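Visitor: Structure for the following, please:
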Amino acid sequence: MNDKVTNVIKTENSFSITTQNNMVCSAKRLLFATGITDIMPTIDNFEDCWGITAVHCPYCHGYEARDKKTGILGNGEAAYHYAGLLQQLTNDITIYTNGKADFTEEQLEKFAKHKIAVIEDSLIKLKQSKGQAEALISRDGKAYLLEAVYHRAAFVQHTLLPQDLGCELDDHGYIKTDPMQKTNIPGIYACGDCTTPMRSVATAVATGNKAGAVINSDLAFEVF
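Guide: Modelled structure (predicted):
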């Protein structure tokens, strides 16, 4: 059925669930596998390349982007962390801070050692063709050629329902779970991208598998 949950109310022993099509049902347990929504930087066309040549993770996309002219759109510790990982994959890295750079002297020395340039220009556009990045364009019209760009996007939870039910988020905005994928609210579990920065199919499947087994066990022993 193609429907969307719009409201969940916790009752004494279960949850009452209402959908967009006004269907009402109940469940003894809830599992949120709802993911997150990335927030794109205010750079024209960036979203058109997101997940193709504008990417968030060297482990997910680094092999495809190896040996390419690579940009890092970021600043501070996030950009430094990217640089340390990406220098294993390419010798052509430039950091674009999109404003005043914020690095320590030690970090700048590392960049110099590996010939990583830092560009502070304000950026307004990612020139691209069918998702293939070509250049970052500055406010004054300067074009910085590249073939791939890494960016740690801000994000929000894809749905506010877990928070509405009282589920706690960690300092980074992910739903807090224990090792068994349980949230702080009894009967509510969460798995996948909404719970961890390790955003991959393998992690989502593993945490979902664990949550499913724990939920089944809880339900089985509840009536045993």
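Visitor: hey, let's count contacts and neighbours off CA atoms from now on
Guide: Fine.
Visitor: Need the single longest helix in the chain, by residues.
Guide: Counting residues, the longest helix found in the chain (DSSP state H) is helix 201-222.
Visitor: for it, which positions count as buried?
Guide: Buried residues in helix 201-222, defined by neighbour count with 16 or more other CA atoms under 10 Å: 203, 204, 207, 208, 210, 211, 212, 214, 215.
Visitor: Can you tell me the element residue 94 falls in?
Guide: Assigned by DSSP states H and E, residue 94 belongs to strand 93-96.
Visitor: List the buried residues for that strand?
Guide: Applying 16+ other CA under 10 Å to strand 93-96 flags 93, 94, 95, 96 as buried.
Visitor: Tell me the helix or strand right after that strand.
Guide: Following strand 93-96 toward the C-terminus (DSSP H and E): helix 105-113.
Visitor: Tell me which residues are up against that following helix.
Guide: 80, 117 (CA atoms under 8 Å, 6 or more residues apart in numbering).
Visitor: Likewise for stretch 35-44?
Guide: Residues from elsewhere that reach stretch 35-44 (CA under 8 Å, 6+ apart): 46-47, 123-126, 153-159, 192-195.
Visitor: cool, and stretch 192-205?
Guide: Taking CA under 8 Å, 6+ apart as the rule, stretch 192-205 contacts 32-36, 60, 157-158, 174-177, 191, 207-208.
Visitor: Now with 10 Å, please.
Guide: Outside of stretch 192-205, the residues within contact range by CA atoms under 10 Å, 6 or more residues apart in numbering are 32-37, 56-57, 59-60, 156-159, 169-170, 172-177, 181, 183, 191, 206-211.
Visitor: swap in stretch 124-140?
Guide: Here stretch 124-140 makes contact (CA under 10 Å, 6+ apart) with 41-54, 69-71, 73, 96, 98, 120-123, 141-149.
Visitor: Now, these that are in helices?
Guide: Using DSSP H, those in helices are 46, 47, 48, 49.
Visitor: how deep is the first one tucked in, by neighbour count?
Guide: Residues contacting residue 46 under the criterion other CA atoms under 10 Å number 21.
Visitor: Restricting to C-alpha, output the longest helix of the chain in CSV.
Guide: Extracted in CSV, the C-alpha atoms of helix 201-222 (Å, rounded to 0.1, in the frame of the first residue of the first chain):
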residue,chain,number,x,y,z
VAL,A,201,23.5,-0.2,2.7
ALA,A,202,25.6,-2.7,4.7
THR,A,203,25.1,-0.8,7.9
ALA,A,204,21.4,-0.2,7.3
VAL,A,205,20.9,-3.9,6.6
ALA,A,206,22.9,-5.0,9.6
THR,A,207,21.1,-2.7,12.1
GLY,A,208,17.7,-3.5,10.6
ASN,A,209,18.4,-7.2,10.9
LYS,A,210,19.4,-6.8,14.5
ALA,A,211,16.3,-4.7,15.3
GLY,A,212,14.0,-7.2,13.6
ALA,A,213,15.5,-10.1,15.7
VAL,A,214,15.2,-8.1,18.9
ILE,A,215,11.6,-7.1,18.3
ASN,A,216,10.7,-10.6,17.4
SER,A,217,12.3,-11.9,20.6
ASP,A,218,10.6,-9.3,22.7
LEU,A,219,7.2,-10.1,21.3
ALA,A,220,7.7,-13.8,21.6
PHE,A,221,8.7,-13.7,25.3
GLU,A,222,6.0,-11.2,26.1
